[in-house]
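> Need coordinates for the following:
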Amino acid sequence: MLQEDIKQIIVIRKDLNMRKGKMIAQGAHASQLAIFTFASNINNGRVSFELMDSNQEHTILGKWLEYNFKKIVVGATSEQELLAIYEQAQKLKLPTAIVQDSGLTEFNGIKTYTAIAIGPTKAEDLMFTSHMVLL
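Below you'll find the model as predicted:
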C-alpha cells in the first residue's frame, strides 16, 4: 500500500539563542500540543483520541501514528516570522500549536514565544514553509 506523505513541521526561534536542550523541549511541547489539539474531542471534560473515521479508514493522524511520525524542524529568525507562520497555518485550518515559555529558566522571567508545530497533515499543505531553513 502506498503511504501518503504526512508530516509535522516544528518551527523554533533561532534568534533566542536557546540552549540545545531548551530548543528540543520547546519543539517537543509544540509537537505534543499540536497532536493533542488535532486528536482531542472534548466530551464531558474527557479527551478522546479518534484515529479512525466513520468509514473505518485511517485519518491523517492515524496514518501518521501508524507509520513514521515524520517531523521536520526548521528555524524562524524572529518572533514576527514565527507568528506569521502560525497565523498562516491557522488560516489554512491546519492543526497548529504555539508554545509560550514562562521564562523561569531562560528569558529573565519574560513570557516568550519559542516554537510552533503544524500538523500532522499532508506534505502539500505545508508548502508555505518550504522557504524555511532546516535546523
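> Select the longest helix from the protein.
Among the segments of the chain that qualify as a helix by DSSP state H, the longest is helix 20-39.
> Okay, buried residues for that one please.
Across helix 20-39, burial judged by 16 or more other Cβ atoms under 10 Å covers 22-23, 25-27, 29-31, 33-35, 38-39. Using the backbone N, CA and C atoms, a C-beta is placed for each residue, glycine as well.
> Determine the longest strand present in the chain.
Counting by DSSP state E, the longest strand found in the chain is strand 112-122.
> as a whole number, average confidence for that strand?
For strand 112-122, mean pLDDT rounds to 96.
> Likewise for stretch 60-70?
The average of the pLDDT scores along stretch 60-70 is 82.
> From the contact counts, what lies against the helix or strand harbouring residue 86?
Secondary-structure assignment from DSSP states H and E places residue 86 in helix 79-91. If contacts are counted by 3 or more Cβ pairs under 8 Å, 6 or more residues apart in numbering; DSSP states H and E, helix 79-91 sits against strand 6-13, strand 96-101, strand 112-122.
> Name all residues that make contact with the spatially most central residue of the chain.
When the chain is reduced to its mean C-alpha position, the nearest residue by Cα atoms, centre = their mean turns out to be residue 117, at 1.6 Å. Residue 117 sits next to 8, 9, 10, 11, 27, 30, 31, 33, 34, 35, 96, 97 when contact means Cβ atoms under 8 Å, 6 or more residues apart in numbering.
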